[in-house]
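> this one's structure only:
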Ligand code: AHR
């Protein structure tokens with residue numbers, strides 16, 4: 001306790017400054033281009049974990065809108081008085097509609113009965129005063145006479161919006177009805193009540209409520225604040241849909257892209273694999289409705305200028321769960337899914353899958369150039385399946401890039417086996433993952449310095465510094481993890497000749513519905529904020545540059561000596577030299593940075609610095625930018641920068657060059 005208190009005091013002592021005299025100068029050799037930087041270099045990893053899609057990015061507010069959860073009325077509360085047996089009846093038309101078998105039949109015989117259903121949303125519904133909400137429902141009437149009365153109800157029980165809906169059509173077919181209305185107040189955890197007035201009987205399905213302020217105002221779309229945080233990063237790619245969710249707990253619940261496109265009511269909902277994964281974080285109401293499916297994914301990537309990077313199941317379920325594999329002689333449908341996805345993304349509208357894309361509103365291709373086959377799969381069973389995928393894909397699309405899994409860890413027996421096999425196969429790109437303590441990231445800034453430039457390229461496909469340990473609920477997104485990642489990323493950037501892509505994981509977490517920490521962006525029903533780790537990612541991706549140049553200290557690459565880390569790139573079209581410097585020590589460092597081989601255009605450089613008094617500092621809904629970069633000007637002395645690197649800081653210097 002006492003030791004802890006002393007440490008805390010030490011963290012807030014005025015910073016010491018390491019003496020400048022004798023401190024080696026950093027030299028940027030701006031005339032010596034080492035490699036190009038791929039436009040894809042810094043991207044994002046999306047997975048429906050932590051309520052990332054349903055209850056998160058996908059803006060649907062009604063939970064279990066189609067009654068397909070394991071418990072058909074989960075999320076719904078039936079209100080009736082007096083109780084009439086069969087007034088709300090769950091029906092199953094499995095034989096006629098395998099994708100969406102259930103619906104409910106509402107029967108109200110007497111005008112005197114109170115009958116309604118209240119939906120609790122995803123940990124409540126975030127409702128904003130003055131905003132328009134769009135309600136819709138699919139219905140079929142046998143005994144017309146019922147009318148729907150809608151109420152938005154605040155956490156305190158106040159009605160903060162209401163409307164009514166007449167159901168006009170009758171007969172055997174299903175119809176859609178909708179109505180829009182404004183909220184009169186805000187609430188973080190509201191509910192939707194659907195009351196039934198009149199007398200009659202009606203079948204209901206796909207009961208839905210969306211806010212009107214979705215990304216680009218698209219009906220049934222994405223949460224705009226969350227997409228905006230991604231757009232602000234200007235990511236080079238979006239990896240999708242994961243992650244372990246690709247593999248599934250078993251093969252029956254693997255991710256199948258074909259079930260995520262087309263009319264929303266025909267998308268086959270499945271249980272989310274994170275529903276039961278962690279006994280310490282059970283989420284029994286976590287399902288995948290696929291409202292954010294592959295079409296919406298491609299569209300979002302296009303919207304924000306990111307290359308799509310889908311990851312497909314390779315015929316293996318998660319090896320931490322059932323570890324099922326598809327027999328090799330039955331792998332064809334899986335391979336066909338991969339080929340068809342390429343056609344769905346890129347094919348002419350006259351092709352089967354290109355035509356489906358066009359029918360969904362996007363005749364132009366999405367320009368898919370790469371895909372991952374398998375996520376964190378390992379062993380000979382993976383290699384033999386991967387080879388069959390590779391042969392089929394390359395036969396049809398010789399230039400298409402295939403990303404292969406290097407398993408769950410960046411070292412050890414499994415990694416060594418895969419690395420050897422994949423290199424022997426001349427794999428295009430190898431997907432390495434690291435979930436490790438901050439010290440690992442600091443120690444591994446030189447990991448790629450000696451990787452062969454003329455062999456397989458590397459995708460740092462999932463990584464995050466763990467402040468406690470992997471899958472611990474105590475992991476936090478703090479300055480310490482962000483600085484360690486920034487240090488490591490200077491190593492990725494320095495080695496952009498071999499590392500062609502990188503993405504932090506996971507991306508989103510809902511504060512009331514997460515399973516895994518740490519995460520890049522935290523949200524609740526109304527707000528979202530970026531962590532210090534988010535700002536590190538953003539500082540790299542918005543200062544990507546086009547060409548790597550050396551930055552040296554005493555003639556050596558800077559990868560941890562005196563706790564300093566650095567990399568340098570030039571953005572040729574923008575005529576800017578970009579220097580990234582991490583000081584991972586607890587003292588400020590006075591540093592001279594000499595710029596060689598370049599003419600400086602203006603005498604002021606700009607610096608953005610991420611720092612905070614304590615390594616434990618983190619952002620929150622109340623202080624979303626407590627740890628965020630602050631930009632200032634630095635005067636150049638001819639071709640030299642004299643700077644002070646604050647303790648535990650990450651700085652990006654931007655110098656305009658001729
Ligand atoms: O990012 C969370 C999980 O970590 C991913 O689903 C999986 O690929 C990795 O093990």
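Yep, it's here. Computed from a predicted structure; not experimentally measured. Numbers count the residues shown, from 1 in each chain.
> tally of neighbours for residue 449?
Residue 449 has 12 neighbours, counted by other CB atoms under 10 Å. C-beta here means a position set from N, CA and C on the backbone, and glycine is covered the same way.
> quick one, helices of the protein?
All helices of the chain, identified by DSSP state H, fall at 2-11, 224-233, 294-303, 332-346, 352-359, 380-396, 413-424, 438-443, 479-494, 532-541.
> point out the most buried one among these.
For the helices of the chain, the largest average neighbour count (mean count of other CB atoms under 10 Å) is found in helix 479-494, namely a mean of 27.
> quick one, what contacts the closest residue to the ligand within the stretch 251-400 of the chain?
The stretch 251-400 of the chain approaches the ligand most closely through residue 376 (4.7 Å), counting by CB to the nearest ligand atom. Residues near residue 376 by CB atoms under 8 Å, 6 or more residues apart in numbering: 244, 247, 318-319, 405, 407-408, 433.
> sorry, back to before: nearest to residue 24, of the helices of the chain?
Among the helices of the chain, helix 479-494 comes nearest to residue 24, with 17.0 Å by CB to CB.
> also near the ligand: which of the contacts of residue 376, exactly?
Residues of these in contact with the ligand (CB under 6 Å from any ligand atom): 244, 408.
> how is this protein divided into domains?
If you go by automatic domain parsing, the domain ranges for the chain are 26-35+550-656, 41-59+235-511, 76-211.
> what's the most buried one of the ones you listed?
Scoring the domains of the chain by mean neighbour count under mean count of other CB under 10 Å gives domain 41-59+235-511 as the most buried, with a mean of 20.
> quote the end-to-end distance of that one.
Domain 41-59+235-511 stretches 29 Å from its first residue to its last (CA to CA, to the nearest Å).
> just give me how far it sits from the chain centre.
11 Å (CA atoms, centre = their mean, to the nearest Å).
> what distance do you get for residue 224 to the ligand?
24 Å (CB to the nearest ligand atom, to the nearest Å).
> before we move on, what about residue 155?
According to CB to the nearest ligand atom, residue 155 and the ligand sit 31 Å apart.
> residues of this structure that sit close to the ligand?
So far as CB under 6 Å from any ligand atom goes, the chain lies against the ligand at 47, 49, 242-244, 375-376, 408, 462, 505-506, 516.
> what about 8 Å?
Within the chain, the residues that sit near the ligand (CB under 8 Å from any ligand atom) are 45, 47, 49, 242-245, 375-376, 408, 433, 435, 462, 464, 505-506, 516.
> for residue 63, what are its contacts?
Applying CB under 8 Å, 6+ apart to residue 63 gives the contacts 54-55, 74-75, 119-122, 285.
> repeat that for residue 302.
Residues counted as contacts of residue 302 (CB under 8 Å, 6+ apart) are 308, 366.
> let's see it at 10 Å
Residues near residue 302 by CB atoms under 10 Å, 6 or more residues apart in numbering: 238, 308, 362, 364, 366-367.
> and those, which two are the farthest apart?
Top of the distance list for the contacts of residue 302 (CB to CB): 238 and 364, 18.1 Å.
> distance between the ends of stretch 550-563?
Terminal residues of stretch 550-563 lie 18 Å apart, using CA to CA.
> re earlier: what about the residue of the stretch 251-400 of the chain closest to the ligand, distance to residue 278?
17 Å (CB to CB, to the nearest Å).
> cool, and residue 64?
22 Å.
> could you do residue 357 as well?
On the measure of CB to CB, residue 357 and residue 278 end up 37 Å apart.
> got it, and residue 156?
In this view, residue 156 and residue 278 are 33 Å apart by CB to CB.
> report pLDDT for residue 444.
Turning to residue 444, the model gives it a pLDDT of 98.
> give me the nearest residue to it, chain neighbours excluded.
In space, and not counting its chain neighbours, residue 444 is closest to residue 488: 6.0 Å by CB to CB, 6 or more residues apart in numbering.
> quick one: contacts for that neighbour?
434, 436, 438, 440-447, 460, 463, 465, 502, 536, 559, 565, 582.
> and for residue 529?
Listed by CB under 10 Å, 6+ apart, the contact partners of residue 529 are 225, 229, 521-523, 619-626, 628.
> could I get the pLDDT score of residue 113?
88.
> hang on, I meant residue 17
Confidence at residue 17, expressed as pLDDT, is 67.
> thinking again about what came up before, switch the helices of the chain over to TSV; also include distance to residue 135.
Output for these, formatted as TSV (distance: least, CB to CB, whole Å):
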stretch	distance to residue 135
helix 2-11	51
helix 224-233	19
helix 294-303	21
helix 332-346	31
helix 352-359	26
helix 380-396	44
helix 413-424	50
helix 438-443	47
helix 479-494	41
helix 532-541	34
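> which one of those helices has the poorest average confidence?
The lowest average pLDDT among these, as it happens, falls on helix 2-11, at a mean of 33.
> list the contacts of the closest residue to residue 53 other than its chain neighbours.
Spatial nearest neighbour of residue 53, excluding adjacent residues (CB to CB, 6+ apart): residue 292 at 4.6 Å. By CB under 10 Å, 6+ apart, the residues touching residue 292 are 46, 48, 52-54, 56-60, 220-222, 240-241, 260, 300.
> and with 6 Å instead?
Applying CB atoms under 6 Å, 6 or more residues apart in numbering, we find residue 292 in contact with 53, 57-58.
> likewise for residue 568?
If you count contacts by CB under 6 Å, 6+ apart, residue 568 has them with 28, 549, 551, 579.
> so where do the strands sit in the stretch 101-250 of the chain?
For the stretch 101-250 of the chain, the strands defined by DSSP state E, counting those that start in this stretch occupy 102-108, 114-119, 125-127, 132-143, 146-153, 159-166, 175-182, 187-198, 200-211, 237-240.
> looking at those strands, which is nearest to residue 265?
Among the strands of the stretch 101-250 of the chain, the nearest to residue 265 by CB to CB is strand 200-211 (5.1 Å).
> give me the helices and strands touching that closest one, please.
Contacts defined by 3 or more CB pairs under 6 Å, 6 or more residues apart in numbering; DSSP states H and E place strand 200-211 against strand 102-108, strand 132-143.
> I'd like these laid out as CSV, including mean pLDDT.
Formatted as CSV, the helices and strands packed on strand 200-211 follow (pLDDT from 0 to 100):
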stretch, mean pLDDT
strand 102-108, 97
strand 132-143, 96
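> out of those, which is closest to residue 540?
Closest of the helices and strands packed on strand 200-211 to residue 540 is strand 132-143, at 37.8 Å (criterion: CB to CB).
> and that closest one, which strands flank it?
Strand 132-143 has the following sheet partners, assigned by DSSP bridges: strand 175-182 (antiparallel), strand 200-211 (antiparallel).
> in TSV, list these along with mean pLDDT.
TSV is the format used below for the strands paired with strand 132-143 (pLDDT from 0 to 100):
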stretch	mean pLDDT
strand 175-182	98
strand 200-211	98
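> and residue 327, which of these is closest to it?
Closest approach to residue 327 among the strands paired with strand 132-143 (CB to CB): strand 200-211, 37.2 Å.
> between the closest one and strand 102-108, how big is the angle?
Relative orientation of strand 200-211 versus strand 102-108 (axes from the mean of the first three to the mean of the last three CA atoms, to 10 degrees): 120 degrees.
> number of nearby residues for the residue nearest to residue 599 when sequence neighbours are not counted?
Once flanking residues are discounted, residue 599 sits nearest to residue 658: 4.1 Å by CB to CB, 6+ apart. Neighbours of residue 658 under the rule other CB under 10 Å: 8.
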